[in-house]
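Participant: next comes the sequence, and after it the predicted model I'd like to discuss.
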Amino acid sequence: MPGTALTPGAAGRRTTDRSAVVIGGGIGGLAAAVGLHRIGWRVTVLERAPEPRESGAGISLLTNAQRALDRIGVGDAVRAKAAFMAPGGEGLRLVSGRRLQPPADPAFLRERGLSLAVLPRPALHGALRDALPDGALRTGADVTGVVDLGDAAAAVYRTPEGERTERGDVVIAADGAFSRIRSALWPQVPPPVYSGHSVWRGIAEGIDSAAEPGGSTWGRGLEFGRMPLGGMRVYWFAVANTPEGRRFPDEHAEVRRRFGSWHQPIPALIAATPADRVLRHDVFELVQPLPSYVSGRVAVLGDAAHAMTSDLGQGACQALEDAAVLCAVLAAEDDVPRALAGYDEQRRPRSQSIAEASRRMGEFKLTERRWRLLRRNARMRRTSPRESRQGLATVGDWHPPVLPASAPAPAPAPAPAPAPAPASASVPRGEPR
């Protein structure tokens, strides 16, 4: 992927005297820490869990996220663990297998360098952790609050040994959709609400992913998507409108009940998935947008800033964009508050607009009323290739901000050739962030 990676000492400035405290060891928090380490900052990541996160099925990263990973210096490491498909795969189908929307134009995908990297979620976490310096990640650290000290900020956290305080030039809150830090800084903003749908995820084994182009199928209040994961594995997700908190004794059997009669290869993928490895998550979203992503020397990113539905597959991608932009502005600007203001200015409009678009897409494709289904299907059939290209480019053809001119530019990594195929207006979903 083209682009200048973050490098220590960008713009010839001495950055090793700067430090950052990152709250949360998820994708966004780790990415921010990796990027800041690359520009010479000392970083400390405070993660509440007693061990690094290793669970999860698959995750998909559109080109915008891949470019963000390039900017923080780990794009090649992540691509080495990924399989690739064209965004949208073979296109969009109905339950019967009838085509609702064709694949995207391969020439357009090549022109824009658009592709979807698909990999196991733990592999992405591992690649980010591997890029951190030894000792930067502290697990079992439950952050209870932050303090703005004027010329610095601090995170207060609990450990089995007692309460601790970690001070830095900036504190980055990446503590998830139900962020304790966001609630403390903006108490007037309601917490995330249930979107109305749940997602099952699994990895089918023993199926040649090279023969799987990927794609999505829409039903009545239901969706099934599939993506090649490399080797003999295919990642899939299944979505349904369900009451909040509802669980089934056998989630694998419930997926089979709802989707097992759909067109192939859906039944085969479900059957090839170990029953004890089907994951289930309710989807929550932050409906009221934050008025700012910055308060003093504290910045929020990822789900803490803009928890969104997975209907555009952009939750983790937007967190990675956040991290790349935050690191770039801090590399380019000595004044931390001014840099954070630039981060807010660049990130809030785009991420909040994508969150809103994701909400609208979920409402549109998961409708259940018959007349709305007919209207939905008719609208998708009428969608012109130009409209589909424009929607995909708006989300995926994003470039991180350039770094100061004195930062050396590494040789660009080649973009993987997209498989001939895809794209509906809906980009496949990723894992919960």
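Facilitator: Now that the structure is in, tell me what you want to look at.
Participant: endpoints of stretch 80-97, how far apart?
Facilitator: 33 Å (CA to CA, to the nearest Å).
Participant: can you pull the buried residues of that stretch?
Facilitator: 81-95 (16 or more other CB atoms under 10 Å). Where C-beta positions appear, they are placed from N, C-alpha and C, glycine not excepted.
Participant: in what helix or strand does the residue nearest the centre of the chain lie?
Facilitator: With distances taken as CA atoms, centre = their mean, the residue of the chain nearest its centroid is A316 (1.0 Å). Per DSSP states H and E: A316 is located in helix 315-332.
Participant: elements contacting that helix?
Facilitator: helix 27-38, strand 58-62, helix 63-72, helix 303-306, helix 336-365 (3 or more CB pairs under 8 Å, 6 or more residues apart in numbering; DSSP states H and E).
Participant: what packs against the shortest one?
Facilitator: So that's helix 303-306. Using 3+ CB pairs under 8 Å, 6+ apart: helix 303-306 touches helix 180-185, helix 315-332, helix 336-365.
Participant: the last one to helix 63-72, inter-axis angle?
Facilitator: I take that to be helix 336-365. Helix 336-365 and helix 63-72 are oriented at 160 degrees to each other (axes from the mean of the first three to the mean of the last three CA atoms, to 10 degrees).
Participant: which strands or helices does helix 336-365 pack on?
Facilitator: strand 193-205, strand 279-285, strand 294-295, strand 298-300, helix 303-306, helix 315-332.
Participant: swap in the shortest one?
Facilitator: Packing partners of helix 180-185 (3+ CB pairs under 8 Å, 6+ apart): strand 142-148, strand 298-300, helix 303-306.
Participant: packing partners for the longest one?
Facilitator: This means strand 142-148. Taking 3+ CB pairs under 8 Å, 6+ apart as the contact cut, strand 142-148 packs with strand 153-159, helix 180-185.
Participant: what comes up buried for that strand?
Facilitator: Neighbour-count burial for strand 142-148 flags V143, V146 (criterion: 16+ other CB under 10 Å).
Participant: contacts made by that strand with the rest, please.
Facilitator: 23, 46, 48, 153-159, 163, 165, 171, 173, 175, 180-181, 184-185, 295-298 (CB atoms under 8 Å, 6 or more residues apart in numbering).
Participant: drop anything exposed from those residues.
Facilitator: 23, 46, 48, 153-155, 157, 171, 173, 175, 180-181, 185, 295-298.
Participant: between the two ends of stretch 185-193, how far is it?
Facilitator: 19 Å.
Participant: in it, which residues are buried?
Facilitator: Using 16+ other CB under 10 Å as the burial criterion, the residues of stretch 185-193 that qualify are L185, W186, P192.
Participant: thought A304 was touching I172?
Facilitator: No: in this structure A304 lies outside contact range of I172 using CB atoms under 8 Å: 9.2 Å.
Participant: common neighbours of those two, please.
Facilitator: With CB under 8 Å, 6+ apart, A304 and I172 have no common neighbours.
Participant: on that earlier part again, and the helices and strands packed on strand 142-148 as JSON lines, adding mean pLDDT?
Facilitator: Formatted as JSON lines, the helices and strands packed on strand 142-148 follow (pLDDT from 0 to 100):
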{"stretch": "strand 153-159", "mean pLDDT": "97"}
{"stretch": "helix 180-185", "mean pLDDT": "98"}
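Participant: would you list the helices and strands packed on helix 315-332 in CSV and tack on mean neighbour count?
Facilitator: Shown next, in CSV, are those (neighbours: other CB atoms under 10 Å):
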stretch, mean neighbour count
helix 27-38, 29
strand 58-62, 28
helix 63-72, 27
helix 303-306, 30
helix 336-365, 19
